[in-house]
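Undergrad: Model the following, please.
(one chain, ligands or ions: 2)
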Amino acid sequence: MSAQVLSGKTMSESLRLEIASRVTALKERGLTPGLAVILVGNDPASEIYVRNKGNGCTEVGMYSRTINMPAETTQEELEAAIEELNADSAIHGILVQLPLPKHLDEQAALAKILPEKDVDGFHLINAGHMLTGTEGVVACTPRGALHMIKSTGVNLSGKEAVVIGRSNIVGKPMAMLLLKENCTVAMCHSRTQNLAEHTRRADILVAAVGKAGFVTADMVKPGAIVIDVGINRVDGKVKGDVDYDAVKEVAGWITPVPGGVGKMTITMLLMNTVEAAERMLK
Ligand SMILES: Nc1nc(=O)c2c([nH]1)NC[C@@H]1CN(c3ccc(C(=O)N[C@@H](CCC(=O)O)C(=O)O)cc3)C=[N+]21
Ligand SMILES: [Mg+2]
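TA: Ligands and ions are numbered 1, 2, ... in the order given. Below is the predicted model of the structure:
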């Protein structure tokens, strides 16, 4: 039996209709939600993502602005650009595209973003909300992944969840969200011993490793929900962290790459932005 495919494309279509209608409602009250993306330098992958974000905004009727800054931008210049957006009433969401060029301090830059406008959920205030389970902005990729997991209808309470990868952007917040759903969560990483023994126990397996085809069929529990966060470029193609064709024969549900979590990440960015704009009117 082959796994059910959790399509980020299909899920995004219905979510984006909902977002578009909330944008329309805000516009009727005189407020157009706006997202600003700061892109420093010209990394080709970043340029693709930033373009996808701009297109997403257009699709749901939001205002979007991309601020392209040269690779030599100084920390002061970057922070000044952020401060300007903090003060701009047309902008409800600010995203500083990561990674930044090596000479720039990411944490210091993120700390400058007003937490209410931090639609990435990367500010320490929002990271703290995530840790305590209180209301704040939830990072887009884990939020999108959780939406996909919930769409299976599986009761998550008490289930074993394994997250491979411990980044601040994906692994850690993903684990917190699954914990909040009452899963028993294990966070695995590059130093984990006997990784497959952990992953084979997982009812929910989230792969955020950054290595194409890392999760093989023998690592997956039959019937598991397998969420592939990987975006790896191999011979000009985008590949996930999961050996899709083989794992599909074992898993109960699986997300494709492309058209899976990546698509949902942008949708959740739009959701976080419309929510930030809605909070302005409250
Ligand atoms: N401040 C910040 N916030 C981010 O959310 C952020 C970031 N920096 N830096 C890079 C990562 C990566 N990321 C993706 C966004 C969209 C797709 C996406 O659209 N994927 C499509 C197309 C993939 C492709 O063709 O490249 C898909 O999976 O179907 C993927 C990955 C956001 N990130
Ligand atoms: Mg994807």
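
Undergrad: mind pulling up the phi and psi values for K53?
TA: In terms of degrees, to the nearest 10, the main-chain angles of K53 are phi -70, psi -40.

Undergrad: wait, it sits on A36?
TA: No - with contact defined as CB atoms under 8 Å, K53 does not count as touching A36 (10.3 Å). Yep, even glycine has a C-beta here, placed from its N, CA and C like the rest.

Undergrad: Distance check, K282 against ligand 2.
TA: From K282 over to ligand 2 the distance is 33 Å, taken as CB to the ion, to the nearest Å.

Undergrad: Show me the common contact partners of K53 and A36, please.
TA: S64, L95 (CB atoms under 8 Å, 6 or more residues apart in numbering).

Undergrad: need the residues of this structure near ligand 1, please.
TA: Counting by CB under 6 Å from any ligand atom, the chain comes close to ligand 1 at 48-49, 52, 95-98, 120, 140, 231, 238, 257-260, 262-263, 265-266.

Undergrad: Now do the contacts for L195.
TA: L195 sits next to I164, C188, M219 when contact means CB under 8 Å, 6+ apart.

Undergrad: ok, so of those residues, who is nearest ligand 1?
TA: For those, the residue nearest ligand 1 by CB to the nearest ligand atom is I164; the value is 17.0 Å.

Undergrad: which residues does that closest one bridge with?
TA: C188, A207 (DSSP bridges).

Undergrad: Give me the pLDDT value at it.
TA: On pLDDT, I164 comes in at 98.

Undergrad: Likewise for the one 5 residues further on?
TA: At I169 the predicted local confidence, pLDDT, stands at 95.

Undergrad: Tell me, how many residues neighbour it?
TA: Counted with other CB atoms under 10 Å, the neighbours of I169 add up to 18.

Undergrad: What backbone torsions are found at it?
TA: phi -80, psi -40.

Undergrad: swap in K159?
TA: Taking degrees, to the nearest 10 as the convention, K159 sits at phi -80, psi 160.

Undergrad: which ones are touching the residue in the stretch 51-200 of the chain that ligand 1 sits nearest to?
TA: Relative to ligand 1, the nearest point of the stretch 51-200 of the chain is L98 (3.8 Å; CB to the nearest ligand atom). If a contact means CB under 8 Å, 6+ apart, then L98 has E106, I169 as its contacts.
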